[in-house]
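Colleague: sequence and predicted structure are below.
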There are 2 protein chains.
Amino acid sequence: MAPDVRDRTAAEEAWALMSRLFWEMRPRMLRVAGEFGLTPPQLFALRQLDPDQPVPMRALAQALQCDSSNVTGLVDGLAAHGLVERREAEHDRRVRMLVVTEKGAAVRARMQETFQEVPDQIAGLSPADQAALRDILQRALD
Amino acid sequence: MAPDVRDRTAAEEAWALMSRLFWEMRPRMLRVAGEFGLTPPQLFALRQLDPDQPVPMRALAQALQCDSSNVTGLVDGLAAHGLVERREAEHDRRVRMLVVTEKGAAVRARMQETFQEVPDQIAGLSPADQAALRDILQRALD
DNA sequence: CACGAATAGTTGAGGTTGTCAACTATTGCC
DNA sequence: GGCAATAGTTGACAACCTCAACTATTCGTG
C-alpha cells in the first residue's frame, strides 16, 4: 500500500521541487527585511496585518501561530519604527487594536511587491505552463 | 511590457498559491522538530548534512546561509544529541569534518520522510494534475 | 625558508525570538 | 456581588544569529 521507496510518485516529485524553489527564496526574504531595517519575524507580522482593518493582538498571535507574549515584543518593534500603533478598542477595554500607520502601509506595500515577485524559474515558463500551473494549484487549494 | 498591475498574471497567482501552501506546512515542521527534541534550526542543519559524505563546517554554514559561529552552536546541539560528530580532516588540521552518526542518519531519514510527505491539497489532485504539476516544475527548475 | 595574508573554527557580547508561568485589568455569567 | 474566563504584559530562561576578536593552521610570494 505504501508507495515504493525506490521511485517517487509524481506528487512527491512535485512537492520536492516546490520545496526547493522555496528554499531558494530565502535570500530574497532576508534582503527585504534588511532593506527596511526589520527582522524577518517583524516582517511577517506586518505582512499579516491589514492596513484597512485593525485587528486585536490576539488575532495576530493566532495568525502567526505563536504565543501572545511574543506578539507583544514584535509589535513593540514595529511601533518603535512607527509602522504600527496600538489603539484602544471601543467595546472592550482589554483589547488593543493594531492599526497600521500610513508609513506602515507604505512599507508593507513595497515589501509585498517584492514578496509577490515571481521567481525567475517560474517567470521563465511558457505562458501556457504558467496558466496550467495556476489552474492546478487553484484546484489544489480550492 | 510590464505586467498590468491591476489583475495578477497567471505566474503571480501561481506563486501566491505556492506561498500559501508553504505557510500551511509550518505546523508540520514544528511538530517534527518537537518529536525529535530538536529545534527547527537544528532540524534544518541535520537535513543539510549527508550521512554518506562528511563535509567541513564551513560548507554547512554556506548551505544554511549563516555565519560560521552560528554553525558552531547548532552542531554543538546536534552533537549533544549524539546525531553528529566532529572529526579531524586529514589534509588540513584547521577544518572539522561533520560526520552524521548512525543514530543521526536514522533520525534524519525519519525526518525526511515527514518532510517529503505530500500535503493533502496536492495528494487530492487527480493523477493527471499531479503529473502535469511535476512536469511543469521540472521544466521550471531544470 | 620566512613572513605576512588568508582561512577554519571558536568564543564572547549584544540584540531578537520564542515559550511558559504569573500577573493585572476587564468582561461576562449566574 | 462574586467568580471564571479573556486580553495583554512582564519576567525568567533557552535558543538563535551576527559581529568582532582570537587561535591555529595553511598558503603564497619574495
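Modeller: That came through fine.

Colleague: C-alpha only now, for contacts and for neighbours.
Modeller: Fine.

Colleague: just give the closest residue to residue A:41, not the sequence neighbours.
Modeller: Of all residues not flanking residue A:41 in the chain, residue A:74 sits nearest, at 7.4 Å (Cα to Cα, 6 or more residues apart in numbering or on different chains).

Colleague: repeat for residue A:102
Modeller: Closest to residue A:102 by Cα to Cα, 6+ apart is residue A:83, at 7.5 Å.

Colleague: number of nearby residues for that neighbour?
Modeller: By other Cα atoms under 10 Å in any protein chain shown, 20 other residues sit near residue A:83.

Colleague: ok, it to DNA strand D distance?
Modeller: According to Cα to the nearest atom of the strand, to the nearest Å, residue A:83 stands 15 Å off from DNA strand D.

Colleague: in this structure that residue contacts residue A:98, no?
Modeller: No. Between residue A:83 and residue A:98 there is no contact under Cα atoms under 8 Å: 10.2 Å.

Colleague: residue A:111 reaches residue A:31, doesn't it?
Modeller: No. Residue A:111 lies out of contact with residue A:31 (Cα under 8 Å); the separation is 10.5 Å.

Colleague: looking at the two, which has the bigger crowd around it?
Modeller: residue A:111 (19 against 13).

Colleague: check which helices and strands the helix or strand where residue A:62 lies sits against.
Modeller: In the assignment (DSSP states H and E), residue A:62 maps to helix A:57-64. Helices and strands touching helix A:57-64, by 3 or more Cα pairs under 8 Å, 6 or more residues apart in numbering or on different chains; DSSP states H and E, are helix A:40-48, helix A:68-80, strand A:96-100.

Colleague: could you identify which of these is most buried?
Modeller: With neighbours defined as mean count of other Cα atoms under 10 Å in any protein chain shown, those peak in mean count at strand A:96-100, which reaches a mean of 22.

Colleague: list the helices and strands it packs on?
Modeller: Strand A:96-100 packs on strand A:55-56, helix A:57-64, strand A:84-88, going by 3+ Cα pairs under 8 Å, 6+ apart.

Colleague: CA atoms only for the helix holding residue A:62, dumped as CSV, please.
Modeller: This file holds the C-alpha atoms of helix A:57-64, laid out as CSV (Å, rounded to 0.1, in the frame of the first residue of the first chain):
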residue,chain,number,x,y,z
MET,A,57,-3.4,41.5,19.1
ARG,A,58,-4.7,38.0,19.8
ALA,A,59,-5.8,37.8,16.2
LEU,A,60,-2.2,38.4,15.1
ALA,A,61,-0.9,35.8,17.6
GLN,A,62,-3.3,33.4,16.1
ALA,A,63,-2.2,34.2,12.5
LEU,A,64,1.4,33.9,13.4
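
Colleague: residues from chain A in reach of chain B?
Modeller: Within chain A, the positions near chain B by Cα under 8 Å from any Cα of the partner chain are A:10-18, A:21, A:116-118, A:121-125, A:129-131, A:133-141.
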